[in-house]
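Participant: Got a predicted model here, sequence first, then my questions.
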Amino acid sequence: MNKLMTRIGLGTVAMGLATMTIAFGSAAAFAAPVTAAAPTTTTTLGPPAQGTGVHKVFLYVDTITGGGSPTPAAGCAQTNLFQPGQVVVFRMDGVNAAAGGIDLTPATVLNAYVKVPGLTRIPLVYGTHGKASYWTAAWTVGKTYPMGIVDFWVHVTTTAVPATTTSPAVPQEAGTFSQVGLAPPSQLTIVKA
(Lines give C-alpha, C1' and ligand atoms only; values in the text may rest on other atoms or scores of the structure.)
Protein backbone atom coordinates (compact mmCIF):
# COMPACT_ATOMS: atom_id res chain seq x y z
CA MET A 1 0.00 0.00 0.00
CA ASN A 2 2.82 2.40 0.89
CA LYS A 3 4.52 1.79 -2.51
CA LEU A 4 1.25 2.60 -4.27
CA MET A 5 0.91 5.86 -2.35
CA THR A 6 4.50 6.82 -3.13
CA ARG A 7 3.96 6.22 -6.85
CA ILE A 8 0.84 8.37 -6.90
CA GLY A 9 2.91 11.25 -5.55
CA LEU A 10 1.07 14.57 -5.52
CA GLY A 11 -2.56 14.82 -6.48
CA THR A 12 -4.84 17.82 -6.90
CA VAL A 13 -8.33 17.74 -5.47
CA ALA A 14 -10.99 20.31 -6.39
CA MET A 15 -13.19 21.31 -3.48
CA GLY A 16 -15.89 23.85 -4.31
CA LEU A 17 -14.26 27.19 -5.03
CA ALA A 18 -10.88 26.19 -3.56
CA THR A 19 -8.27 23.78 -4.92
CA MET A 20 -5.74 22.14 -2.65
CA THR A 21 -2.82 19.85 -3.22
CA ILE A 22 -2.49 16.70 -1.14
CA ALA A 23 0.78 14.79 -0.82
CA PHE A 24 -0.05 11.08 -0.64
CA GLY A 25 2.27 8.80 1.36
CA SER A 26 4.09 11.66 3.01
CA ALA A 27 4.07 12.52 6.71
CA ALA A 28 4.15 16.20 5.75
CA ALA A 29 0.65 15.90 4.32
CA PHE A 30 -0.75 15.04 7.73
CA ALA A 31 1.38 17.43 9.81
CA ALA A 32 -0.86 20.51 9.44
CA PRO A 33 -4.36 20.81 8.06
CA VAL A 34 -4.71 22.63 4.77
CA THR A 35 -7.34 25.34 4.81
CA ALA A 36 -8.59 27.48 1.97
CA ALA A 37 -9.03 31.19 2.50
CA ALA A 38 -12.62 32.39 2.23
CA PRO A 39 -13.24 34.57 -0.81
CA THR A 40 -13.61 38.25 -0.03
CA THR A 41 -16.88 39.78 -1.17
CA THR A 42 -18.41 43.20 -0.82
CA THR A 43 -22.14 43.70 -1.00
CA THR A 44 -23.63 47.12 -1.52
CA LEU A 45 -27.29 47.26 -0.61
CA GLY A 46 -29.69 49.62 -2.32
CA PRO A 47 -32.10 51.81 -0.39
CA PRO A 48 -35.06 50.04 1.24
CA ALA A 49 -37.97 49.68 -1.19
CA GLN A 50 -40.43 51.20 1.29
CA GLY A 51 -38.22 54.19 2.13
CA THR A 52 -36.16 55.04 5.18
CA GLY A 53 -38.77 56.98 7.16
CA VAL A 54 -40.47 55.84 10.34
CA HIS A 55 -43.15 53.24 9.63
CA LYS A 56 -45.97 52.81 12.12
CA VAL A 57 -48.07 50.33 10.16
CA PHE A 58 -46.36 47.26 8.70
CA LEU A 59 -47.97 45.43 5.78
CA TYR A 60 -47.34 42.06 4.16
CA VAL A 61 -48.72 41.98 0.62
CA ASP A 62 -48.57 39.33 -2.09
CA THR A 63 -50.56 38.17 -5.12
CA ILE A 64 -52.06 34.75 -5.83
CA THR A 65 -54.02 33.18 -8.68
CA GLY A 66 -57.77 33.41 -8.47
CA GLY A 67 -59.10 31.79 -11.61
CA GLY A 68 -60.21 33.42 -14.84
CA SER A 69 -59.51 32.58 -18.42
CA PRO A 70 -57.04 31.20 -19.31
CA THR A 71 -57.32 29.01 -16.23
CA PRO A 72 -54.16 29.22 -14.10
CA ALA A 73 -52.14 26.05 -13.57
CA ALA A 74 -53.06 26.04 -9.86
CA GLY A 75 -55.58 27.90 -7.72
CA CYS A 76 -54.38 30.16 -4.89
CA ALA A 77 -50.78 29.84 -6.09
CA GLN A 78 -48.46 32.69 -5.16
CA THR A 79 -47.24 34.37 -8.34
CA ASN A 80 -46.71 37.79 -9.88
CA LEU A 81 -47.26 36.85 -13.53
CA PHE A 82 -50.81 37.12 -14.89
CA GLN A 83 -52.38 37.12 -18.33
CA PRO A 84 -55.29 39.26 -19.50
CA GLY A 85 -58.51 37.56 -18.37
CA GLN A 86 -56.97 36.02 -15.25
CA VAL A 87 -57.90 37.05 -11.70
CA VAL A 88 -55.23 38.62 -9.49
CA VAL A 89 -55.99 38.16 -5.79
CA PHE A 90 -54.17 40.63 -3.56
CA ARG A 91 -53.56 39.35 -0.02
CA MET A 92 -52.65 41.68 2.82
CA ASP A 93 -51.91 41.24 6.49
CA GLY A 94 -50.18 43.53 8.92
CA VAL A 95 -49.85 45.16 12.31
CA ASN A 96 -50.14 48.62 13.78
CA ALA A 97 -46.70 48.88 15.39
CA ALA A 98 -47.54 52.29 16.87
CA ALA A 99 -50.30 50.59 18.88
CA GLY A 100 -48.02 47.87 20.19
CA GLY A 101 -48.33 45.40 17.31
CA ILE A 102 -52.12 45.17 17.13
CA ASP A 103 -53.27 43.00 14.19
CA LEU A 104 -55.04 44.74 11.32
CA THR A 105 -58.64 43.53 11.57
CA PRO A 106 -61.99 45.21 10.86
CA ALA A 107 -61.96 46.40 14.51
CA THR A 108 -58.64 48.22 14.03
CA VAL A 109 -58.91 49.41 10.41
CA LEU A 110 -61.02 52.28 9.03
CA ASN A 111 -60.31 51.48 5.39
CA ALA A 112 -58.07 49.27 3.30
CA TYR A 113 -57.83 49.16 -0.47
CA VAL A 114 -55.67 48.37 -3.50
CA LYS A 115 -55.01 51.00 -6.17
CA VAL A 116 -54.19 49.65 -9.63
CA PRO A 117 -53.17 52.28 -12.22
CA GLY A 118 -56.12 53.18 -14.46
CA LEU A 119 -58.75 51.63 -12.17
CA THR A 120 -60.84 52.79 -9.24
CA ARG A 121 -59.86 51.65 -5.75
CA ILE A 122 -60.50 47.98 -5.03
CA PRO A 123 -61.59 47.51 -1.41
CA LEU A 124 -59.81 44.88 0.66
CA VAL A 125 -62.16 42.55 2.54
CA TYR A 126 -61.21 40.77 5.75
CA GLY A 127 -62.02 37.08 6.02
CA THR A 128 -60.97 33.66 7.21
CA HIS A 129 -59.24 31.46 4.65
CA GLY A 130 -58.57 28.00 6.03
CA LYS A 131 -56.92 28.50 9.42
CA ALA A 132 -55.74 32.06 8.73
CA SER A 133 -57.51 35.41 8.56
CA TYR A 134 -56.33 38.22 6.31
CA TRP A 135 -57.47 40.85 3.81
CA THR A 136 -58.12 40.12 0.10
CA ALA A 137 -59.16 41.98 -3.04
CA ALA A 138 -59.71 40.54 -6.52
CA TRP A 139 -59.00 42.11 -9.91
CA THR A 140 -59.80 40.50 -13.25
CA VAL A 141 -57.15 41.75 -15.68
CA GLY A 142 -58.93 43.37 -18.62
CA LYS A 143 -58.21 42.06 -22.11
CA THR A 144 -56.90 45.51 -23.09
CA TYR A 145 -54.93 46.25 -19.92
CA PRO A 146 -51.34 47.18 -20.89
CA MET A 147 -48.62 44.52 -20.73
CA GLY A 148 -45.76 44.98 -18.31
CA ILE A 149 -45.22 45.87 -14.66
CA VAL A 150 -48.28 47.07 -12.72
CA ASP A 151 -47.24 49.66 -10.11
CA PHE A 152 -50.10 48.90 -7.71
CA TRP A 153 -50.14 50.01 -4.11
CA VAL A 154 -52.06 49.02 -0.99
CA HIS A 155 -53.24 51.61 1.53
CA VAL A 156 -54.54 51.04 5.07
CA THR A 157 -55.86 53.62 7.54
CA THR A 158 -56.11 52.41 11.13
CA THR A 159 -58.55 53.47 13.81
CA ALA A 160 -57.35 55.56 16.72
CA VAL A 161 -56.67 53.54 19.86
CA PRO A 162 -57.98 55.23 23.01
CA ALA A 163 -55.82 55.46 26.11
CA THR A 164 -56.22 52.83 28.81
CA THR A 165 -54.94 52.64 32.35
CA THR A 166 -51.88 50.76 31.08
CA SER A 167 -51.15 52.38 27.69
CA PRO A 168 -51.35 55.81 26.07
CA ALA A 169 -53.68 56.68 23.19
CA VAL A 170 -52.46 55.96 19.65
CA PRO A 171 -53.64 58.29 16.89
CA GLN A 172 -55.04 57.14 13.57
CA GLU A 173 -52.17 55.89 11.39
CA ALA A 174 -51.74 55.17 7.70
CA GLY A 175 -49.66 52.50 6.03
CA THR A 176 -48.88 52.08 2.35
CA PHE A 177 -47.26 49.23 0.48
CA SER A 178 -45.79 49.82 -2.96
CA GLN A 179 -43.73 47.47 -5.08
CA VAL A 180 -41.89 50.40 -6.66
CA GLY A 181 -38.21 49.84 -6.00
CA LEU A 182 -38.45 46.06 -5.85
CA ALA A 183 -36.54 44.05 -8.45
CA PRO A 184 -38.62 43.66 -11.65
CA PRO A 185 -38.89 39.86 -11.31
CA SER A 186 -40.67 40.44 -7.98
CA GLN A 187 -43.24 42.93 -9.30
CA LEU A 188 -46.77 42.21 -10.48
CA THR A 189 -46.51 41.85 -14.27
CA ILE A 190 -49.09 41.37 -17.02
CA VAL A 191 -47.75 39.04 -19.71
CA LYS A 192 -49.01 37.85 -23.10
CA ALA A 193 -51.00 34.65 -23.29
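Facilitator: Here it is on my side, so go on. Residues are numbered from 1 along each chain as shown.
Participant: What's the local residue count around residue 95?
Facilitator: Residues near residue 95, counting by other Cβ atoms under 10 Å, number 19. C-betas here are computed from N, CA, C, even on glycine.
Participant: List the residues that contact residue 190.
Facilitator: By Cβ atoms under 8 Å, 6 or more residues apart in numbering, the contact list for residue 190 reads 82-84, 141, 145-148, 150.
Participant: Pull the contacting residues for residue 72.
Facilitator: Each residue near residue 72 by Cβ under 8 Å, 6+ apart is listed here: 65, 79, 86.
Participant: ranking the residues you listed by neighbours, who comes first?
Facilitator: Counting by other Cβ under 10 Å, top hit in the contacts of residue 72: residue 86 with 22 neighbours.
Participant: out of the contacts of residue 190, which one sits closest to residue 134?
Facilitator: Closest approach between the contacts of residue 190 and residue 134, by Cβ to Cβ: residue 82, at 19.8 Å.
Participant: thinking again about what came up before, show only the entries of the contacts of residue 72 found in strands.
Facilitator: Using DSSP state E, the members of those that fall in strands are 65, 86.
Participant: re earlier: ok, the contacts of residue 190 vs residue 156, which is closest?
Facilitator: residue 150 (19.2 Å).
Participant: What's the separation between that closest one and residue 70?
Facilitator: In this view, residue 150 and residue 70 are 18 Å apart by Cβ to Cβ, to the nearest Å.
Participant: what about the two, which has more around it?
Facilitator: Remark: of residue 150 and residue 70, residue 150 carries more neighbours, 22 against 10, as counted by other Cβ under 10 Å.
Participant: Distance check, the more buried one against residue 42.
Facilitator: Distance from residue 150 to residue 42, by Cβ to Cβ: 34 Å.
Participant: Same check on residue 147?
Facilitator: Residue 147 is 37 Å from residue 42, where distance means Cβ to Cβ.
Participant: more neighbours, the two?
Facilitator: Of the pair residue 147 and residue 42, residue 147 is the one with more neighbours under other Cβ under 10 Å, namely 11 against 4.
Participant: Report the beta-bridge partners for the residue nearest to that one when sequence neighbours are not counted.
Facilitator: Residue nearest to residue 147 in three dimensions, not counting chain neighbours: residue 190, with 5.2 Å by Cβ to Cβ, 6 or more residues apart in numbering. According to DSSP bridges, the partner residues bridging residue 190 are residue 82, residue 148.
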